[in-house]
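> Next one to model:
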Amino acid sequence: MPEPATPRGEVAALVAIQAALTDRPGVLSTARGLSHFGEHSVGWLLVELLGALLKERRRREWLVAVAGTFAAHAAAVLLKRVVRRKRPHDPAVAVNVGTPSALSFPSAHATSTTAAAILMGRATGLPLPVVLVPPMALSRLVLGVHYPSDVVFGVALGAAVARLALWLDRASR
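Got it, this is the predicted structure:
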């Protein structure tokens, strides 16, 4: 039986990331927790709705965050259906969590997390993109459910949707 081919390109990057991080204490459970929290952007939307309820003086910013996060997720899902790239399936890549679809590009988790972080950062005045985006982006690779380009494009798409949400908010005042 021939030996499997050595992983190359993005698959090699996934294998390297998984080899370096997956066995470290708490990494896999944290990555899975982030995955569940970010599924369909529900965790971010709940936080934003709570912010809108509790922070009356900042309600508009929180509601813009809700709309922008929802739009980012929708854009990612729509793009997935157009591109139809399959998730990593190389035997060298361990898939460490279930997914709602077999489609990979772009990462909806990276997209909605980036939009949420930018927009919630505006509502709170905190540097949330620096704190929230890298762990979510890395978690998608550790879990073996996205190629690095899926995640990078998702971050860029989330940032673009957040900028559009902010522009629309300013234009409507």
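
> residue closest to the middle of this protein?
Ala110 (1.8 Å; CA atoms, centre = their mean).

> State whether that one is indeed within a helix.
Yes. Counting by DSSP: H, G, I helix; E, B strand; the rest coil, Ala110 is located in a helix.

> hang on, isn't it packed against Pro135?
No. Ala110 is beyond contact range of Pro135, at 10.8 Å (criterion: CB atoms under 8 Å). Any C-beta I mention is one placed from the backbone N, CA and C, and that applies to glycine too.

> so how many other residues sit close to Val77?
Residues lying near Val77 (other CB atoms under 10 Å) number 18.

> meant to ask about Ala108
31.

> hang on, the earlier thing: show me what contacts the residue nearest to the centre of the chain?
Residues near Ala110 by CB atoms under 8 Å, 6 or more residues apart in numbering: 133, 136-137, 140, 146, 150-152, 154-155, 158.

> Let's see if you can find the most crowded of the residues you listed.
That'd be Gly158 among the contacts of Ala110, by other CB under 10 Å, with 36 neighbours.

> any idea how far Gly68 is from that residue?
Taking CB to CB, to the nearest Å as the criterion, Gly158 is separated from Gly68 by 9 Å.
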